[in-house]
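Engineer: Kindly generate the corresponding structure for this input.
(one chain, ligands or ions: 1)
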Amino acid sequence: MSFDQLGAELQARRDQSLYRQRRILQSPQAPEVIVDGKPCLAFCSNDYLGLANHPDVIQALKQGADRYGVGGGASHLVNGHSQAHNALEEELAEFTGRPRALLFSTGYMANIGAINGLLNKQDAVFQDRVNHASLLDAGLLSGARFQRFLHNDADNLNTRLERTEARRKLVVCDGVFSMDGDLADLPAISPTAARHNAWVMVDDAHGFGCIGQGGRGTVDHFGLGADDVQILVGTLGKAFGTSGAFVAGSEELIETLIQYARTYIYTTSMSPAIAEATRASLKLVQAEEWRRDKLQQLINRFRSGCDQLGLNLMDSPTPIQPILVGEAEKAMQISAALEAKGIFIGAIRPPTVPQGAARLRVTLSADHSEAQVDQLLAALEEVAL
Ligand SMILES: *Cc1c(COP(=O)(O)O)cnc(C)c1O
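Structural biologist: Numbers count the residues shown, from 1 in each chain. Predicted coordinates for the structure are as follows:
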């Protein structure tokens, strides 16, 4: 059997400007990076608070490795659950105001584990149609009746909830939508779910660290709590600057996931040194309010600059500031033109976003300067969108 067919499919993907290629990052994550040997100014990482390369976090990683070694060495349920993991779980529980938190090795695995640990084919899952791929995959894998509701539309959700007789009902959404940057309408979604006795799960990968009191995320931002959103997921590879993820919630929820979440059970624990690094970044997230203030200033500056340029920005209050372009080909051209000017922004294309909704996903970090945002605006003006 030959691979000719794969070759033809790859060529078709190239022809549609949908081909993905990896770039080689040769520096730490920062506003100024070296990519494929060239220095450039980057606006595409999710390191929103600039903690991925923070000296305290690096130091904690080194000390963690000295104390616990590098590898987790086993799964959590055998003997890979180190004191470092346990301490981080306790601190994340306190941070989120929930009784318990459970660490996973990635956000993708946390979502697969949480949904599949709770639901099976007797149940129903309701997802915002632009939810992150890991949530959609988790819902499909669970075998539960799978429904997508219109983006941020609690009425549409309500209609769907009215028609179900499933054993368990779970409503799932991103806290901050990863490709649009807008917030979930939790003040409408949570009561709608409650009226139908459905649980709410929020994946706040892009909210933690960036919004809410002390960076406590989207649920906190809306003044909601554990009664409104029973299952809270956070990832550690974005604003926290490390890697991994957690689910926070009640004692019963966490114990259930320890028993049944296969992506928790059948995998090696994350490096304990990473857990130690994350404990240091969690301290910075909570203590350094100036990072969120600075980010907000940069967001305001970027948005008003784009407004003056007449650019088609999406309605986002977060560091995710996508510029809608339309066709994938055009997004690739603009991204290449910006790169020629030393500016690196990811072009996001289908199937990550809907057909005809390709975009430049600009992301800002507290480590960017106002001058760098101005440099971006000047380059955007020159590439004539
Ligand atoms: C990035 C992301 C994930 C995946 O998290 P990883 O730790 O990178 O696997 C899950 N959900 C959302 C909304 C994300 O943006």
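Engineer: Contacts only, for A101.
Structural biologist: 89-90, 92-93, 246-248, 254 (Cβ atoms under 8 Å, 6 or more residues apart in numbering). Yep, even glycine has a C-beta here, placed from its N, CA and C like the rest.
Engineer: The stretch 201-350 of the chain against the ligand: which residues are in contact?
Structural biologist: 203, 205-206, 235, 237, 245 (Cβ under 6 Å from any ligand atom).
Engineer: of those, closest to I345?
Structural biologist: H206 (16.8 Å; Cβ to Cβ).
Engineer: and the residue nearest to the closest one when sequence neighbours are not counted, how many neighbours does it have?
Structural biologist: Leaving out its chain neighbours, the residue that sits closest to H206 by Cβ to Cβ, 6 or more residues apart in numbering is V176, at 3.8 Å. Neighbour count of V176, defined by other Cβ atoms under 10 Å: 27.
Engineer: Just list whatever residues bridge to V176.
Structural biologist: L183 (DSSP bridges).
Engineer: pretty sure it is in contact with H221, am I right?
Structural biologist: No: proximity of V176 to H221 does not meet the contact threshold set by Cβ atoms under 8 Å, at 9.5 Å.
Engineer: Low-confidence bits of the chain, can you list those?
Structural biologist: Applying pLDDT under 70 to the chain flags the ranges 385.
Engineer: And the residue of it that's closest to the ligand?
Structural biologist: G107 (2.2 Å; Cβ to the nearest ligand atom).
Engineer: Test my guess that that residue contacts F240.
Structural biologist: No: assessed by Cβ under 8 Å, G107 is found out of contact with F240, at 11.0 Å.
Engineer: The two: which has the busier surroundings?
Structural biologist: Neighbours around G107 and F240, counted as other Cβ under 10 Å, are more numerous at F240. The numbers are 30 against 23.
Engineer: Can you tell me what sits against the helix or strand harbouring S134?
Structural biologist: Remark: S134 resides in helix 133-142, with elements defined by DSSP states H and E. Identification of contacts with helix 133-142 by Cβ under 8 Å, 6+ apart yields 107-108, 111-112, 114-116, 119-121, 123, 125, 127, 146, 172-174, 203, 352.
Engineer: Please list only the buried members of those.
Structural biologist: 107-108, 111-112, 114-116, 119, 123, 125, 127, 172-174, 203, 352 (16 or more other Cβ atoms under 10 Å).
Engineer: Show me these that map onto helices.
Structural biologist: Among the buried ones among the contacts of helix 133-142, the members found in helices (DSSP state H) are 107-108, 111-112, 114-116.
Engineer: export those to TSV and tack on distance to S281?
Structural biologist: Shown next, in TSV, are those (distance: Cβ to Cβ, whole Å):
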residue	distance to S281
G107	15
Y108	20
N111	21
I112	24
A114	22
I115	27
N116	28
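Engineer: re the thing from before, so which of the residues of the stretch 201-350 of the chain next to the ligand are in strands?
Structural biologist: Residues of those located in strands (DSSP state E): 203, 235, 245.
Engineer: What is the nearest of the residues you listed to V78?
Structural biologist: Looking across those and measuring by Cβ to Cβ, the closest to V78 is A245, at 20.4 Å.
Engineer: show me what contacts G305?
Structural biologist: 373-374, 377.
Engineer: Oops, could you answer that again for T159 instead?
Structural biologist: No residues are in contact with T159 under the rule Cβ under 8 Å, 6+ apart.
Engineer: Then it would be within a helix, right?
Structural biologist: Yes: counting by DSSP: H, G, I helix; E, B strand; the rest coil, T159 is part of a helix.
Engineer: Quick check: it vs A124, distance?
Structural biologist: Taking Cβ to Cβ, to the nearest Å as the measure, T159 falls 13 Å from A124.
Engineer: tell me which element the closest residue to S335 other than its chain neighbours is part of?
Structural biologist: Spatial nearest neighbour of S335, chain neighbours left out: A347 (4.1 Å); criterion: Cβ to Cβ, 6+ apart. Element membership for A347 (DSSP H and E) is strand 346-348.
Engineer: Tell me the helix or strand right after that strand.
Structural biologist: strand 358-363.
Engineer: helices or strands up against that next one?
Structural biologist: strand 320-326, helix 328-340, strand 346-348 (3 or more Cβ pairs under 8 Å, 6 or more residues apart in numbering; DSSP states H and E).
Engineer: right, and the helix or strand after the longest one?
Structural biologist: Okay, so that is helix 328-340. strand 343-344.
Engineer: what's the distance between that next one and the middle of its chain?
Structural biologist: 21 Å (Cα atoms, centre = their mean, to the nearest Å).
Engineer: One more: stretch 69-87?
Structural biologist: The answer for stretch 69-87 is 24 Å, by Cα atoms, centre = their mean.
Engineer: Neighbour-wise, give me the winner out of the contacts of G305.
Structural biologist: V373 (22 neighbours).
Engineer: how much space between that residue and I299?
Structural biologist: For V373 relative to I299 (Cβ to Cβ), the value is 9 Å.
Engineer: again with Y266
Structural biologist: Y266 is 40 Å from I299, by Cβ to Cβ.
Engineer: who's more crowded, these two?
Structural biologist: I299 (20 against 10).
Engineer: Correct me if wrong: that one contacts P317.
Structural biologist: Yes: shown here, I299 and P317 form a contact pair, counting by Cβ under 8 Å, at 7.2 Å.
Engineer: helices or strands next to the helix or strand where I34 lies in the packing?
Structural biologist: Taking DSSP H and E as the definition, one finds I34 inside strand 32-35. Judged by 3+ Cβ pairs under 8 Å, 6+ apart, strand 32-35 is in contact with strand 38-42.
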